[in-house]
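Chemist: Take this sequence and fold it.
(one chain, ligands or ions: 1)
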Amino acid sequence: MVEMKYVPTICPYCGTGCGLNLVVVDEKVVGVEPLKRHPVNEGKLCPKGVFAHEFIHREDRLTKPLIKETNGEFREAEWDEALDLVASKLGEIKANNPDDIGFLACARSPNENIYITQKFARKVIGTHNVDHCARICHGPTVAGLARTFGSGAMTNDFISIESADVIFIIGSNNVEAHPLFGRRVMRAKKNGAKIIVADPRYTPTAKLADMYIEFRSGRDVPLINAMMKIIIDNDLQDDEFIKNRTKNYQRLKETVAKYDLDYVAELAETDPKKIEEAALMYAKADKAAIVYSLGITEHRHGADNVMANANLAMLTGNIGKVGSGVNPLRGQNNVQGACDMGALPTDYPGYQKVVSGQATKVVEENWTCTLDGCAPGLTVVEMIHAAADGNLKAMYITGEDPVLSDPDTNHVIEAMENLEFLVVQDIFMSETARYADVVFPAAGWGEQEGTFTNGERRVQLVRKAVNPPGEAKVDWEIMKEIAVRMGAESEQFTYKNAEEIFDEMRKITPQYRGMDRKRLERPEALHWPCPDESHPGQGLMHIDSFAHPDGLGVFEPADYIGPSELPDEEYPLVLTTTRTLFHYHASMTRRCKTLDKELPTGYVEINDKDAKKLGIINREKVKVRSRRGEIEIPARVTPDIMEGEVNIPMHFFECAANFLTTSRELDPKSKMAELKVCAVDVEKM
Ligand code: SF4
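Modeler: Residues are numbered from 1 along each chain as shown. A predicted model of the protein is given here:
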């Protein structure tokens, strides 16, 4: 008899966090159905979600531990042998210097795995070298919003956007990258909201707009500063909000006074009238919301871009009310959770600073260990540089694929090859896993219990529908085994299930303290902050006060710092990178046959006038070169990208944009690399 069941869980892809049922027949996931009454997606899914089950039972899933032989080939190994090898090698390197080891946690993995990764790094190894992909995604959001609002997270919940009168979208193509949020923007428009989109590409989101501002990549700060100057010049600032709820206004006023409209229009190669009109539209609205994504953050001045948006919202009193706020759309399904869980070299869970004696004491008491004296660790990009320079000896990477997703691929490969010891834990043989000494087969989505935290801070349960393939194990189980082999006191790594890990985590994470599994079982789950068990959770933040100790928001004026690399004679075009409707990052959606059929490989978008000058025709293969590398890729000739810019989606290793991008100059406030701007040349082949 056929056995069928429906297992409710959360989509494995973007930070929207849509609810869905996995349809399981005879222990196989055969389909996906949207949860009809789910508060995030209300019975709808985008194509990525609809076909999400297609990668689960792929034949190329990793099912046995692999150890690399001296001839460079992998051989299958028993768990005990592989675990013993990793424990002894990490122990050896740790004995010399714990900071010779770096960890990358996985933002697609449940909170419980991430919590254990950072606990393992800190408690078992004794290093704060633990980070994850938010560093090169929304690291600037955490840094920028923490400085201005006191908390580095989305200020409003998703539904709030439907009540906005004006929505200013900058650097976000949410209709493709976060489609179920994009649906709410469309609904807001139907409700009468005016939409302004600022982007160098005329994206599907821009096509929704009442006003589209085309501007040159990397000129966000001047554009937003000019808007603020216009607002102040027209006396449209919210004086009462500024007086009662903020500080540092005078400095903001002095800074933005320098951003004369004509100067900015020339710098950003845009229409001054549009900047003026957008500023007036935004300031005159009763409720105006800002939405942004990686177009704002992935710059060497990413935190400044974020702070400029925060300043604009505070200037007009657009914080703490429904339909307003600063709304960063997070990329991966659990990137918010990975930050919350302390997979950051500077922060314990709950954004408690590792340099704080008080925070360290709380963590030490809970983990029964001594952490004092550990300095903040290295970020993702710093670990890569350190490995390439011979200053980091080992890395333990869970579920991330830096060879594909991090800037300057050739440099990342050099770093991986230079490591004395590399452990990768993944569900497929990723581009990075090929360089590993040991590969552990991990349980994936639908194969484990836990929680994800979506971009609006909603903590939701993810559930197990089927067993992992072969001998694959859940990430926290693997790390627990190594911890015990490395002598961690047994009572500290005796978890029997994910719930026990969650319960330990919430004791030391103030924002999650009031959450327990029973409360999370409700379809609406809970938003953080949820400080105690009677607290209902909070979708809308900063209602009466900001999260700084004095309750005030801080204007953090930002001046223009140009991109680290500008076009020149040799490399005359600006490269930007994006995500598409049919793909997420790479390893999962490219293994979904329906999505792969829709978009099987990459392309470079080039403006039709630039293409004509270069004699390039649509679909023709071209060579794109930068100072770091070159790729061959089909051209997509279009008027929908600004002249002088080209765009490459990030998902396709055979023509990966990251062979071209740069990681040399980092944002001093967030350590973000300049992923959205670099100089390239496009050549007809
Ligand atoms: Fe929802 Fe994002 Fe999944 Fe699409 S990819 S179904 S928008 S969570």
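
Chemist: okay, CA-based contacts and neighbour counts for the rest of this
Modeler: Will do.

Chemist: Do a quick rundown of the strands in the stretch 201-350 of the chain.
Modeler: Counting by DSSP state E, counting those that start in this stretch, the stretch 201-350 of the chain has strands at residues 211-213, 246-247, 288-292, 326-328, 347-348.

Chemist: Parallel or antiparallel, which strands does the fourth one pair with?
Modeler: Pointing back at strand 326-328 there. If you go by DSSP bridges, strand 326-328 pairs up with strand 288-292 (parallel).

Chemist: contacting residues around the residue lying closest to I125 once chain neighbours are set aside?
Modeler: Counting by CA to CA, 6 or more residues apart in numbering, I125 lies nearest to P98, which is 5.8 Å off, once chain neighbours are set aside. P98 makes contacts with 125-127, as judged by CA atoms under 8 Å, 6 or more residues apart in numbering.

Chemist: Which of those has the largest number of neighbours?
Modeler: Most neighbours among the contacts of P98, by other CA atoms under 10 Å: T127, with 27 neighbours.

Chemist: Assumed that one was part of a helix.
Modeler: No: counting by DSSP: H, G, I helix; E, B strand; the rest coil, one finds T127 to be coil, located in no helix.

Chemist: tell me the contacts of the nearest residue to P600 once chain neighbours are set aside?
Modeler: Once flanking residues are discounted, P600 sits nearest to R590: 7.6 Å by CA to CA, 6+ apart. R590 makes contacts with 583, 596, 600, as judged by CA under 8 Å, 6+ apart.

Chemist: SS state for R590?
Modeler: Following three-state DSSP, we place R590 in the helix state.

Chemist: Give me the local confidence score for it.
Modeler: Listed pLDDT for R590 reads 79.

Chemist: name the element N410 belongs to?
Modeler: Using DSSP states H and E, the element containing N410 is helix 409-418.

Chemist: From the chain's centroid, how far away is that helix?
Modeler: Relative to its chain's centre, helix 409-418 lies at 22 Å (CA atoms, centre = their mean, to the nearest Å).

Chemist: need the strands of the stretch 201-350 of the chain in TSV with mean neighbour count, can you?
Modeler: Putting the strands of the stretch 201-350 of the chain into TSV (neighbours: other CA atoms under 10 Å) gives the following:
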stretch	mean neighbour count
strand 211-213	21
strand 246-247	19
strand 288-292	26
strand 326-328	26
strand 347-348	26
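
Chemist: Most neighbours out of the contacts of R590, which is it?
Modeler: H583 (26 neighbours).

Chemist: on that earlier part again, nearest to D233 among the contacts of P98?
Modeler: If you rank these by distance to D233 using CA to CA, T127 comes first, at 50.4 Å.

Chemist: before we move on, the earlier item: as CSV, the strands of the stretch 201-350 of the chain with mean pLDDT and distance to the ligand would be great.
Modeler: Compiled in CSV, those are given as follows (pLDDT from 0 to 100; distance: least, CA to the nearest ligand atom, whole Å):
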stretch, mean pLDDT, distance to the ligand
strand 211-213, 97, 23
strand 246-247, 98, 34
strand 288-292, 98, 15
strand 326-328, 96, 14
strand 347-348, 94, 27
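
Chemist: Could you check stretch 143-160 against the ligand for contacts?
Modeler: No: Stretch 143-160 is not in contact with the ligand by CA under 6 Å from any ligand atom; minimum separation 11.9 Å.

Chemist: Stretch 462-470 too?
Modeler: No: using CA under 6 Å from any ligand atom, stretch 462-470 stays clear of the ligand, with a minimum separation of 12.8 Å.

Chemist: so for that stretch, what's the average pLDDT?
Modeler: Mean per-residue pLDDT for stretch 462-470: 97.

Chemist: For that stretch, buried residues please.
Modeler: 462-469 (16 or more other CA atoms under 10 Å).

Chemist: Same check on stretch 191-205?
Modeler: Buried residues in stretch 191-205 (16+ other CA under 10 Å): 193-203, 205.

Chemist: still on that earlier bit, what's the helix holding N410 packed up against?
Modeler: Counting contacts by 3 or more CA pairs under 8 Å, 6 or more residues apart in numbering; DSSP states H and E, the secondary-structure elements packed against helix 409-418 are helix 380-388, helix 402-405.

Chemist: Out of the ones you listed, flag the one nearest the ligand.
Modeler: In terms of CA to the nearest ligand atom, the element of these nearest to the ligand is helix 402-405, at 17.9 Å.

Chemist: And the closest one, how far out from the chain middle?
Modeler: Its chain's average C-alpha position is 14 Å from that of helix 402-405, according to CA atoms, centre = their mean.

Chemist: Up against the ligand, what does the protein have?
Modeler: Counting by CA under 6 Å from any ligand atom, the residues of the chain lying close to the ligand are 11, 13-14, 16-18, 45-46, 48-49, 178-180.

Chemist: which of the buried residues of stretch 191-205 lies closest to the ligand?
Modeler: T205 (14.1 Å).

Chemist: from the buried residues of stretch 462-470, which two are the most distant?
Modeler: Counting by CA to CA, the most remote pair of those is V462 and P469, 18.2 Å apart.

Chemist: Now the closest residue to the ligand within the stretch 251-400 of the chain: closest residue in space that isn't a chain neighbour?
Modeler: Minimum separation of the stretch 251-400 of the chain from the ligand (CA to the nearest ligand atom) falls at N333, amounting to 6.8 Å. Distances taken as CA to CA, 6+ apart place G15 nearest to N333, at 4.0 Å, with adjacent residues excluded.

Chemist: repeat for V175
Modeler: Take V175 and drop its neighbours on the chain: the residue closest to it by CA to CA, 6+ apart is G182, 4.4 Å away.

Chemist: My guess is that neighbour contacts N174. True?
Modeler: Yes: in this structure, G182 is within contact of N174 by CA atoms under 8 Å, at 5.1 Å.

Chemist: returning to what we had before: go through the helix holding N410 and flag the buried ones.
Modeler: In terms of neighbour count (16+ other CA under 10 Å), helix 409-418 has its buried residues at 409, 411-416, 418.

Chemist: Of the residues you listed, which pair is most distant in space?
Modeler: Within these, two members stand farthest from each other by CA to CA: T409 and N418, at 14.0 Å.

Chemist: count of neighbours near E3?
Modeler: Neighbours of E3 under the rule other CA under 10 Å: 9.

Chemist: List the residues that contact it.
Modeler: 25-27 are the contacts of E3 under CA under 8 Å, 6+ apart.

Chemist: so of the residues you listed, which ones are in strands?
Modeler: With strands defined by DSSP state E, the entries of these inside them are V25.

Chemist: pLDDT score assigned to the closest residue to the ligand within the stretch 551-685 of the chain?
Modeler: The ligand sits closest to Y584 of the stretch 551-685 of the chain, with a gap of 7.3 Å, by CA to the nearest ligand atom. Here, the pLDDT recorded for Y584 equals 77.

Chemist: check which helix or strand covers it.
Modeler: Counting by DSSP H and E, there is no helix or strand that carries Y584.

Chemist: Just give the nearest non-adjacent residue to it, would you?
Modeler: With sequence-adjacent residues excluded and distances taken as CA to CA, 6+ apart, Y584 is closest to Y13, at 6.4 Å.

Chemist: try A483
Modeler: Leaving aside its sequence neighbours, A483 sits nearest to V124 (CA to CA, 6+ apart; 6.3 Å).

Chemist: list the contacts for the one you found?
Modeler: 483, 486, 488.

Chemist: which one among the residues you listed gets closest to the ligand?
Modeler: Using CA to the nearest ligand atom, the contacts of V124 come closest to the ligand at A483, 33.3 Å.

Chemist: The strand or helix carrying the closest one: what's the following helix or strand?
Modeler: Here A483, judged by DSSP H and E, is contained in helix 475-485. Sequence-wise, the next helix or strand downstream of helix 475-485 (DSSP H and E) is helix 498-508.
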